Structure formats: structure tokens, C-alpha cells
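Student: Requesting a structural model of the entry that follows:
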Amino acid sequence: MTTASTPDFRDGLLHFSSPPADFARLGHAPAIREGQNGIQEIDEAAVYQTRLVADALRYLTLQLCASKQSGHPGGFASSADAYASLVMLGHTNIVTEVGHHAPGFYSAMFLDGSLEAMGIRTVTDLQARFRERDGLLGHLSGAIPGLLAPAGPLGQGQHFAMAGAYLNRDKLFPCTIGDGGLGEPYILSAMKHFHTAYPEVTNFLPVLIWNGYSQEHHSMVSLMSNEAMTAYWRAHDFERVILIDAKTFDDAGQDGAYVDSTLFGPEARMAFSRAVLEGVREAADAAMNGTLTAVIIKQLKGAGVHASGAKSHNLYPGDTADKPNIAAALERGALAPEIWSLVRTNMARAGGGPAGRTVVTEFERPLTDIGTLPMQAFAPGEQAVPASAMANMVAELGRRDPEFVVTNADGTEASAMKAINEALKIRHPTADPLYNQTPSGQVYEPLNEDACAGFAAGLALFGGRSLWLSYESFAINGWPIVQTVGQAMAELRHRTPAVVSMFTAGALEQGRNGWTHQRPEIENYIGGQMRNGNVYLLYPADANMIQAAYGWAVGQFNKCISLIASKSPLPVYTTMEQASAAIERGATCLYESSQGSGGAIVFAVTGDMVFQPVFVAKDRLEADGYRVRIVAVVNPRRLYRSRDVAWSHSAEPDDRFMDDAEFEALFDGDALIGVSGGGTVALEPVMLRSRAAARDLFGWQRGETTASAGELMAFNGISPETLAERARAMLA
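Tutor: Sure thing, here's the model as predicted:
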């Protein structure tokens, strides 16, 4: 009942129609009965009401976009029948690969009541908050009640569906995929590899929306036959491929392979709706019972809205609800007030209640208690391999948490982290103890960084522990989805484990491999995100510090944390106590001259191996009478000023920043030289706050084939000679 305190959710709808003749017979009672999660049988009323849900979603999506003269109605319009069928069957843990479907998903969350948690109670509210700050952003965000995951860049949604399925074996995770996005081949390859590794996890359901168009032209798969498309999916391990082609039901004489079901006559519309509903039910049952299954809905892009094909994709300034083609589409798609009430009731009951109160990501997932991970304390002066020291901790974490997954494309053994393989085993259908392979392993190794990053990031977002390991040189191939998830974590309303990555084999170790394996510019990419508020780029200086860094990262929530470290034996500079303090403080002094009458030179350094030329330069400068302090910049996010970072906008806000007195004690000197074996962006906070009159930066310039790390550093201008010479010149 609508009262003064509970406004009518329909307020703001522009057009209504009279109830159709068959509504009294087929719409008199909700098909999803009170207390049920979905329809119990596919009878005429269930088919009819599923069609009404699709019609309501199409109408509201178009009006919503027209309210802001922007947004993307066309793609979701061709998926509305599939989405409506999933919901009416009770499957509401739906993710998507298509960020352009956002207005359709927002319409769904509005109709089921989820958006009331945001104060969105009427269509007027919905329009006011669409594509506005603190509202409904232009592409999907998992921060919106009821939506499980973000969607923006194409080719990411399947990772969330697989992660959700892995962690929640009793629920179905449908994932809508556009045929424009299907041009990204790793969508299918990622699912094929996952199925090979986890054949028992089939409770995710890709739903291909094959509408013939991308955003500005025909899709690259638009000319494939139904047989070819089916074979394409079967070649990627899908045992059941259920294809529903709207063309089969067309009674309107539409041209082309792709047709609009909303133009069918009443009987043909019901037949198509029944076929979709039955097909989706069959697919869902198969997926939940051990058969890898896909659904393909072939229908013209823009079905039921203002235009068709790529012309329906986006609205532009001037595309208001009064524009003739948009007004005509809204009038044609108008529904009776009674239909809107029926649709809302069904959607609010589907899945056990509004998605904003029932989908898996609306709850904080209980984590296995792993206690305190053991660490090996190396004595200062020892030689130890940072990557190997961390590997032992990772192995123990996996022993304690059986759901924990390590993802890696280039081999943990190649990164001096063989202990992980030995303890947790590579997940592989071929059991072979020589290669530490078992079908039940916890190390997931697709030779694709996107698949590695995507699964690890998806697990973290959905509440599980994971670790993505990569060579620094290849990390860029997977980083975009980690960036997406990192931003999503900053918006979530509940805690979830940090997404953690560790990049080994820094450029300096890859001299013989040449520039193909020397791409530390990724550090600048990540470093540029530290101002977001929940992104941390850690540079442990030795084997003790990397253990402290990983232990810290494992205990964090709603953060995006990356560690940069080497796989070579390197000197240990710190005790475990100093290492732990350095992670929390942001930096630590590794060395300071006890005497000297010359000027004071401060080296601020990010990395581990790159300390070698710095310490040699120190010896030469001290011989000349200068005083030298060497500071490891370990957690540069802590070294910014509070105003530099959007920390207050993050979930689990972290307002810890080094104060001025502590900063000055570490970095004040007559000359400051920043040194990095990779990108120099991480040294930005030091340069911003330093009061030194003379400052300079040494960092990565470009790759080359060399016989040693020292030769490669020298090629990039980082040698004891150049560092000492520059320091002298700065103080002259």
C-alpha cells in the first residue's frame, strides 16, 4: 500500500497503458508465490509474467537513459528476456561482462527494492541519481546494493562468475556476455582453463547475448552461423550449449539473421518467451548438476527500445524522452500500473528477497582462522632470497586455509618460490610428483596473466583469500582487473580480504633475457594509483622485510596491495622488528654515517637489489668526508601527506601517514637523491615533502641485454660512480 511515508515506486513513469485482455487471466496472482524463491513450474502464467518482467526492464532502461540524455539502453534490451528468466527462476547472483548494461541492472535493482537502501524509492529518485556522484555511476559497481561485481572493461565478468562459483558451490552464478566483448578471446580460454583445473565447479553459467552488434558497428562474430557459434563454445569444453534464436519465432517478416522479439504477434512472443524460460531452466539445472553449460540468446540489439543495431547503443545530448523515436518507443512499451506492481512483487520475491539483501556479496564471508604465519628471522649481514622467504609463508597459509588459491602464469619455481608448489601443488589433471602436480592443488597456473589476475582478484572481492604472482615484466597483462577490483573494494559496505599480488624477477635480474623481460614501468602504473586511498605498493628491502610485508598484507581488508621483490640472494639489512616497523611507518634508515665533516647526503631508495650500487657509492662518498644516510622507502603510501590521498573515501579508511618530524629525521639533508631500479613514481611523496635544497632522481630508463644486474643498472645510469659523482656535484 502506498502511504505518505511509503511513496508509490511508479512515481516518475511517463507513460502507462490499460491492462491487456489476458492480464486478468494470467496476471491476477504473482507467479512467484509468497515464501518461494522462484516459479515452481513453467505454465502459461509464468511465461506471461516473465515476459512482463522483460518488458518492464526494457521500458525503464530506456526512460532512465533518456532522463540524462546519456547511457546505454540497446545492449541490455536484447538481454532482457534472459535476465527476466534467470530472476523468475530464482537465480539472482548475476554478474556481467558488459558495463554498458548498467542502466538495465539498475532498473532491476530498483524494481526488486534493492535501491531503497540508497534512498531511491521512486522512478523520479532513480532518474535523479542516475549517472551522478553518490548515485548510480555510468558503469556497474559492486557498491550498488544487489550488484555483485563491477563491470567496465570488457572481458572481466567471467572471472567474477567463476570466483563466486568456486566459493559458493550451492548457488548459480550467471554471467551475461555481449558478442561485442566476445571478440576478446580470453573470455572463453579463461573458462576452458578453469574447467580443466576445476571440473567439479560448473555452477557458473555464461549467457551470451548474441545481438549482432558492438557499440559502433557489427560485432566480429555477427556472420557466424548458429552451428559455428555452438561449435565454438563446445570447443571450449561446454558440454551443453543451449541456443535460442528469436528468428525461429518471427512472424513479422523481419529481415536479417537478428530480429526483435517485441515486434512478434502475441502467440509468437509467448512462444519465444517460453523457449527462453525453458532453455534457461534447463541450462541452470545442468550447470548446478555438474555439466558445464552455456546459454546463447540470439536477438537483435535494441529489441524493444528506440533504435536497433549499434544505433541503439548509446544516447547523446538531445536524446530526451520527448524525442520522437524515443517517445514512440516508450509509448509502445508502456505498461499498466497493475503490471508494474506485479513485476515488482515477483522481482522482490525472486531469490528469497531483494538482491540487495540476499546475494552472496552482501554478506561478509567468514574466513578460516590462520593465526599468525611463521617467519624466519635472518640475521643482518646474511644473504637470503626475498622471494623464497615469502614463499614459505604462502605455503603455510595455504595449508591452513584450503580455499586459498595462488595464481601464477610463469611458474613459481622460476621465481625462486618452489616451496609453494611443493606444499600446495599445481592444480592439474595430470598427476605427476616430479612437477608437483595434482588435480586437487591450490596453485592455479593458466598461461595467461589476465586469467591469473582475474581469478585472484575475483576471489578477494567475493570474500576469499588469494595471491597473484607474476613476473613484473608481464604483470601489465593482468593489472586492469586488479585495478577494477581495487576501486570496487574501496566502495564496498563490508569487509573483504585485500587483493594481494607479488611481482618477482624485477627488471634488474633479467639482463640476459633482454628488454622483453624488463618492464618495471608497471611500478609507475601502480604507484600512480596510491592516491586512490586503498592502493599500496610495497618495496621490501630484504628477506626479513618481505615477510613482514606479506604478513601485513594478509591481515588487511578492502585494499589493493602489491609487493615488488627479487628472486636473487641479497643482503639482509634489518631485524624482523625493524622490518615490521618499516611497513607500518613507510620507511626506515638502513645506514647512517657516524662521522664526516662534509655535507649530508640522503639516498631514498625503492627496491632491494638496487641498494648494491648505493652502498658502494656510500663508501666512496664517506672516503671523501661526506656524511651519508640510506633510507629504504618501503610503503610510500604512508609517506604522502594526508591531503594527498583520498583515504577518507575508502572502505576501511587508513589515515596513517608519517608525521613531519619523523619524515624530516629520515629525509632531511643537504642533498637528496632518489634511486629506484624501476619506476620513480613511488618516490613522489619523498620529493613532495623534502626540504633539501638539492634533489635528484635516478630510475629505470629502458631495457637492454646485459651479462649482469650491475651492467644493466649502469646502462640506466645507476652505478656507484654516477651516484657518487652526482652527489658531489649537488653539494659543490
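Student: going forward, measure contacts and count neighbours with C-alpha atoms only.
Tutor: OK.
Student: The residue nearest to the spatial centre of the chain: which element?
Tutor: Note on the chain: the residue nearest the mean C-alpha position is Val485, at 3.2 Å, using CA atoms, centre = their mean. For Val485, the element it lies in under DSSP states H and E is helix 479-491.
Student: How about residues contacting that helix?
Tutor: With CA atoms under 8 Å, 6 or more residues apart in numbering as the contact definition, helix 479-491 has outside contacts at 141-143, 149-150, 156, 450, 453-454, 457-458, 461, 496, 499, 532-535, 558-560, 649-652.
Student: gap between that helix and the chain center?
Tutor: 5 Å (CA atoms, centre = their mean, to the nearest Å).
Student: List the buried residues in stretch 207-222.
Tutor: 207-215, 218-219, 221-222 (16 or more other CA atoms under 10 Å).
Student: what about it, average pLDDT?
Tutor: Averaging pLDDT along stretch 207-222 gives 94.
Student: Stretch 357-366 too?
Tutor: 95.
Student: And it, end to end?
Tutor: 17 Å (CA to CA, to the nearest Å).
Student: for it, which positions count as buried?
Tutor: Of the residues in stretch 357-366, 357-363, 365 count as buried by neighbour count, 16+ other CA under 10 Å.
Student: next one: it to chain centre, how far?
Tutor: Distance, centroid of stretch 357-366 to centroid of chain: 17 Å (CA atoms, centre = their mean).
Student: Adjust the sequence numbering to begin at 396 for everything that follows.
Tutor: Will do, 396 is the new start, and the previous item becomes stretch 752-761.
Student: what sits up against it?
Tutor: So stretch 752-761 is contacted by 487-488, 509, 540-543, 746-747, 751, 857-859, 889-891 (CA under 8 Å, 6+ apart).
Student: Next step: those residues restricted to helices.
Tutor: Mapping the contacts of stretch 752-761 onto helices (DSSP state H) picks out Gly751.
Student: and the closest residue to Ser868 other than its chain neighbours, what helix or strand is that in?
Tutor: Leaving aside its chain neighbours, Ser868 sits nearest to Arg914 (4.4 Å; criterion: CA to CA, 6 or more residues apart in numbering). Counting by DSSP H and E, no helix or strand carries Arg914.
Student: separation between Arg914 and Phe471?
Tutor: With distances taken as CA to CA, Arg914 is found 39 Å from Phe471.
Student: Who has more neighbours out of those two?
Tutor: Phe471 (30 against 23; other CA atoms under 10 Å).
Student: Spit out the contact partners of the more buried one.
Tutor: Contact analysis of Phe471 by CA under 8 Å, 6+ apart lists 453, 495-496, 498-499, 697.
Student: So it lies in a helix, does it not?
Tutor: Yes: Phe471 sits within a helix when classified using DSSP: H, G, I helix; E, B strand; the rest coil.
Student: What distance do you get for it to Asn606?
Tutor: Plainly put, Phe471 is 10 Å away from Asn606 if you go by CA to CA.
Student: Kindly report the same for Ser480.
Tutor: From Ser480 to Asn606 the distance is 18 Å (CA to CA).
Student: quick one: terminal-to-terminal distance for stretch 575-584?
Tutor: End residues of stretch 575-584 are separated by 16 Å (CA to CA).
Student: what's in contact with it?
Tutor: In contact with stretch 575-584 (CA under 8 Å, 6+ apart) are residues 492-493, 549-551, 553, 608-610, 614-616, 628, 631, 845-846.
Student: Any idea how far it is from the middle of the chain?
Tutor: So, by CA atoms, centre = their mean, the centroid of stretch 575-584 is 16 Å from its chain's centroid.
Student: pLDDT on the helix holding Val880, on average?
Tutor: Taken as a whole, helix 874-886 has a mean pLDDT of 94.
Student: What residues of it count as buried?
Tutor: So, applying 16+ other CA under 10 Å, buried residues of helix 874-886: 874-886.
Student: after the helix or strand containing Ile978 comes which helix or strand?
Tutor: Here Ile978, judged by DSSP H and E, is contained in helix 971-980. The first helix or strand that comes after helix 971-980 along the chain, using DSSP H and E, is strand 982-987.
Student: pLDDT (mean, whole number) over stretch 518-538?
Tutor: Averaged over stretch 518-538, pLDDT sits at 93.
Student: So, low pLDDT: which residues of the protein?
Tutor: Applying pLDDT under 70 to the chain flags residues 396-400, 578-580.
Student: Pop the domain breakdown of it in here.
Tutor: Domain ranges of the chain: 418-754, 778-972, 980-1126, per automatic domain parsing.
Student: Could you dump the ones you listed into a markdown table with distance to Asp403 added?
Tutor: Converted to a markdown table, those look like this (distance: least, CA to CA, whole Å):
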| stretch | distance to Asp403 |
| --- | --- |
| domain 418-754 | 6 |
| domain 778-972 | 27 |
| domain 980-1126 | 33 |
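Student: nearest to Ala772, of those?
Tutor: domain 778-972 (6.1 Å; CA to CA).
Student: Okay, and which of the buried residues of stretch 602-617 map to strands?
Tutor: 602-605 (DSSP state E).
Student: ok so, going back, with respect to Ser412, which of the domains of the chain lies nearest?
Tutor: domain 418-754 (4.6 Å).
Student: what about that closest one, how long is it end to end?
Tutor: One end of domain 418-754 sits 31 Å from the other (CA to CA).
Student: do stretch 543-560 as well
Tutor: 12 Å.
Student: again, but for stretch 632-641
Tutor: From its first residue to its last, stretch 632-641 covers 25 Å (CA to CA).
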